[in-house]
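Enquirer: okay, predicted coordinates and the sequence, questions at the end:
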Amino acid sequence: MVLGILKGLFSNDIAIDLGTANTLIYLKGQGVVCNEPSVVAVQNDATNGRKKVLAVGVEAKNMLGRTPDSIQAIRPVKEGVIADFEVTEQMLRYLIRKIRNGRSLVRPRIIISVPHGITEVEKRAV
């Protein structure tokens, strides 16, 4: 109980609106601290088959249509639903690290909005 209270005092409360066009991040006491396009530039890693994130947000959006064949600028969220789980997770990790400025002693408490009408499977994916 006491540990939970102390954790609440030192952690950040974060709200995320994971949108098709933009991802908004609200930090308690500071308001909206991040409004980035939901775009990620990735390169396929031949060694393990995973996608390596090269850029997120504005940087990645600027790469749309201007990348070599080995790099793709993709939108991991389509119609309010996660289309690429792996890339969405990496995008969220990047954006959360960016707003926390390297402060990672205590995990933040995070709430993520989901669109009305999505399936239970889609909710669990978030």
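Expert: Arrived safely, thanks for sending.
Enquirer: nearest spatial neighbour of the residue most central in space within the chain, skipping sequence neighbours?
Expert: Taking CA atoms, centre = their mean, the centroid of the chain lies closest to L92, which sits 1.9 Å from it. Once flanking residues are discounted, L92 sits nearest to I16: 7.0 Å by CB to CB, 6 or more residues apart in numbering. No exception for glycine: its C-beta is placed from N, CA and C like everyone else's.
Enquirer: tell me how far the helix or strand where that neighbour lies is from the chain's mean position?
Expert: For I16, the host element (DSSP states H and E) is strand 13-18. Here the centre of strand 13-18 is set off from its chain's centre by 9 Å, with CA atoms, centre = their mean, to the nearest Å.
Enquirer: partner strands of the following helix or strand past that strand, with direction?
Expert: Helices and strands here follow DSSP H and E; after strand 13-18, the next one along the chain is strand 22-27. Strand 22-27 has these partner strands in its sheet, going by DSSP bridges: strand 13-18 (antiparallel), strand 31-37 (antiparallel).
Enquirer: for P115, which of these is the nearest?
Expert: strand 13-18 (9.3 Å; CB to CB).
Enquirer: in that closest one, which residues are buried?
Expert: Of the residues in strand 13-18, I14, I16, L18 count as buried by neighbour count, 16 or more other CB atoms under 10 Å.
Enquirer: in a markdown table: those, plus distance to R109.
Expert: Shown next, in a markdown table, are those (distance: CB to CB, whole Å):
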| residue | distance to R109 |
| --- | --- |
| I14 | 7 |
| I16 | 12 |
| L18 | 17 |
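Enquirer: now render those as TSV, adding pLDDT.
Expert: Shown next, in TSV, are the buried residues of strand 13-18 (pLDDT from 0 to 100):
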residue	pLDDT
I14	93
I16	95
L18	90
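Enquirer: closest one of those residues to L27?
Expert: Taking CB to CB as the measure, L27 lies nearest I14 of those, at 5.9 Å.
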